Structure formats: C-alpha cells, structure tokens
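Chemist: here is my input, please return the structure:
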Amino acid sequence: MKRLFLLVSLLVLSKFSAQTWATEDQYIQKFAPYAVEEMEKYRIPASITLAQGLLETGGGQSRLAQEGKNHFGIKCKEDWTGKTMRHTDDAPNECFRVYDDPRQSYEDHSLFLSTRKYYTNLFKLDMKDYRAWAHGLKKAGYATNPRYASILIGKIERYKLYEFDNTNSKEVLYAVLKLYPDLKNDRAFMAQLESEKYPKGKDPVTITVPYKQTSYNQQQKRVEKIKTKAEALNSILIKTHPNEGLKYIIIPEDTNLKFIANKFKISESRLMRWNELESDMLRKNDIIFLESKNSTGNTPTYRSEYGEDMHDIAQKFGIKLHKLYVKNRMDEGQKPSAGQLIYLIDKKPRN
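Modeler: You can find the predicted model right below:
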C-alpha cells in the first residue's frame, strides 16, 4: 500500500513539475493574470500584451525571459538603474533590463507604451479592438517586421486571447479555466481559483515544485568561473553579426588594438580602417569587426539611445560610418539626439 501511495505521489509531482513554460498554452495559463492586471491599470488590451509576451519570449523560452525575467525585450535606456544583461538582438551585445519578477517586466511594458509619444494614438482606440491595436503598434514603429500586426492577430485568434479583454483580475482564472477545462483536474490551480483573493505580489498560478537535491558536481558546474583579464582576452570568440553574417568580436576587457591584431592575424591598419577607430585603445564591450562592414543595416531604422554617437550605431549594426551619415543627411561628427530616428537602409527623405 505504501508503495502504491509513493507511486501515485511521484506521478502527481511529475505532472506538476512538467507544467513549465514548455508550450504557449502554459505561458498563457501562467501570465494571463498579469496581462489583465495591466489592462485594468493602463487600458492596454490584455490580449495584445499576452500576444506580445508570447511572441517576444517564444512561449517563455527565450534567454531574456528565463535569465532576465524580461518578457518584452526592453533595453536599458538612460533612465534604467537596475540590473542589466548583455544579449544580441538586432545588434550584438545590447544592454537589456533584468527584473526580479516577471510582473515587473509586464508593468514596465505598460509604462513603455503609455509614456512614450509614439504610442499616444493607441490609447484613443477601443480597448477591446485588438485588431486596431495590433495595426496601431506596427504603424507606431513598435516592430520592423512588416507582418507584425498579422502575427499578433494570429496568436490572439488562435488562442482566443480576446477572452481576457472581457474579464477582470478577480475573474481571470475563470477565463483561463474556460479556455483550458482540463485544469479542473489540477489541484493547485483549483485551490487558487477557490481562494477569495490572492496574496499581494504572489503569482496566483504558481505550482510548487518539490526541492530536488543536486550533486556536488552539478552545483559546481553552475558556479560562474571568475576569469583573469588575460584569460578573458585569450578566450575571445569570433561571432556572426545579424547583418549578413559579418565576423566580429566583443572586447571582454580593456586592451589595445595590437593585441587583437596579433591574436587574429589581421593588420592594425585594416582593423583601424574597418572599424573607423581614432585610437588604438579598446574598451570593455567595444564591438570590433574583423572584416569590412556593409553599406546598409539589417533593419530599416533605429532610435538612438542617450549618450550614443553615430560611431556607436555604426558598430552596433555593422554599417560603414560614412554611409550612415549619408543615409541620415548628417554632417560627419554630428551627434544624434536621444530617441532620434536613424535610417539604416534607406536614405532619410528630404523635407
């Protein structure tokens, strides 16, 4: 009898532990309450927020979501004072925000849309018109993919996310159960559903997984090894840039161009010319190309961040600096203002 009880217990626990972010359905079950809360506070359709989260994180599987709890790819910007992580998106080694809890990421996303002038017109739309919101986001420049609106709409209609536009934070789990009736067999979910209110700051759909002992070797593998400056420099790996596969590296520690030239057997003069360098001193996190950059970028436009100059943007997107000035009809040495729209492919139209 004890063996039978143990076997049943293990099956139940294995079922609970299997409920991770492995599918988009599980992502919806977990984060729909967050999207509805944000809808109540900021009047952004829950269906839109949830569809964006699904798309940005690949159903919760992205590195940003898992390591940084960043579900909407929000970058550092000049006003961010929290933790950060480096990640390659449109360009290599970009700075992204790191959150302590995904709920913070959801709220930051709401603030991002509600406080920036580019998205003002969105809030004039019917909050339950997810199609208008999807097209409005694309028109406002939220994403460069020409199919962005149709992709969002496709996810909303496939998973019936519009159901969450018609609920509230007190009844959202009933909406989840309506979409996923099999959850009635999930004791943890049903226990949360039957609670009169959820503890503040807690995830109402979180499933407790029992502690699992790991071996000493497994623990040791998770310990980050601290490298000396020499070890870091000697372990530099050549990377492939999103802009047509250009070869580049990211400088891990302050060094000089001669070290890089010797390591990769490329003359200093070529490295200076290819990267439009004015000094042979390289700083940590500098992007250095090991071949000539392209004349255009891999995305049509980019909004400059606080403190960036045109050389920073040229390195970020693998574009020749003089070509970047020409595309934007700017004089050499001229600096962009924070938030300025920078053209990476087509020339800036004349007024």
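
Chemist: so how far is the first residue of stretch 285-297 from its last?
Modeler: By C-alpha to C-alpha, to the nearest Å, the extent of stretch 285-297 from end to end equals 20 Å.

Chemist: go through that stretch and flag the buried ones.
Modeler: By 16 or more other C-beta atoms under 10 Å, the buried positions in stretch 285-297 come out as 286, 287, 288, 289, 290, 293, 294, 296, 297. Where you see a C-beta, it was placed from the backbone N, CA and C, and this is true even at glycine.

Chemist: identify the farthest-apart pair in the residues you listed.
Modeler: 286 and 296 (22.2 Å; C-beta to C-beta).

Chemist: which ones among the buried residues of stretch 285-297 lie within strands?
Modeler: 287, 288, 289 (DSSP state E).

Chemist: tabulate these (CSV), appending pLDDT and distance to residue 75.
Modeler: Listed next are those as CSV, based on pLDDT from 0 to 100; distance: C-beta to C-beta, whole Å:
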residue, pLDDT, distance to residue 75
287, 89, 16
288, 91, 21
289, 92, 22
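
Chemist: in JSON lines, list the buried residues of stretch 285-297 along with distance to residue 257.
Modeler: Putting the buried residues of stretch 285-297 into JSON lines (distance: C-beta to C-beta, whole Å) gives the following:
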{"residue": "286", "distance to residue 257": "10"}
{"residue": "287", "distance to residue 257": "14"}
{"residue": "288", "distance to residue 257": "8"}
{"residue": "289", "distance to residue 257": "13"}
{"residue": "290", "distance to residue 257": "12"}
{"residue": "293", "distance to residue 257": "16"}
{"residue": "294", "distance to residue 257": "22"}
{"residue": "296", "distance to residue 257": "26"}
{"residue": "297", "distance to residue 257": "25"}
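
Chemist: show me which of the ones in strands among the buried residues of stretch 285-297 is closest to residue 27.
Modeler: Looking across these and measuring by C-beta to C-beta, the closest to residue 27 is residue 287, at 32.8 Å.

Chemist: pretty sure that closest one contacts residue 315?
Modeler: Yes: using C-beta atoms under 8 Å, residue 287 makes contact with residue 315 at a distance of 4.3 Å.

Chemist: show residues contacting the one helix or strand residue 269 maps to.
Modeler: Using DSSP states H and E, residue 269 sits in helix 268-274. Contacts to helix 268-274, defined as C-beta atoms under 8 Å, 6 or more residues apart in numbering, come from residues 257, 258, 260, 261, 277, 280, 288, 289, 290, 291, 292, 293.

Chemist: how far off centre is that helix?
Modeler: In terms of C-alpha atoms, centre = their mean, to the nearest Å, the centre of helix 268-274 is found 33 Å from the chain centre.

Chemist: contact partners for residue 51?
Modeler: 130, 134, 152, 155, 156, 161.

Chemist: selection in ChimeraX covering whichever of those are buried, please.
Modeler: The buried subset of the contacts of residue 51, as determined by 16+ other C-beta under 10 Å, is captured in ChimeraX by this line:
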select :130,134,152,155,156,161
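
Chemist: closest to residue 30 among the contacts of residue 51?
Modeler: Nearest to residue 30 among the contacts of residue 51 is residue 161, at 13.7 Å by C-beta to C-beta.

Chemist: residues in contact with that closest one?
Modeler: Counted by C-beta under 8 Å, 6+ apart, residue 161 has contacts 28, 46, 47, 50, 51, 130, 155.

Chemist: max pairwise distance over those: which two?
Modeler: Spatially, the most separated pair among the contacts of residue 161 is 28 and 130, at 14.7 Å (C-beta to C-beta).
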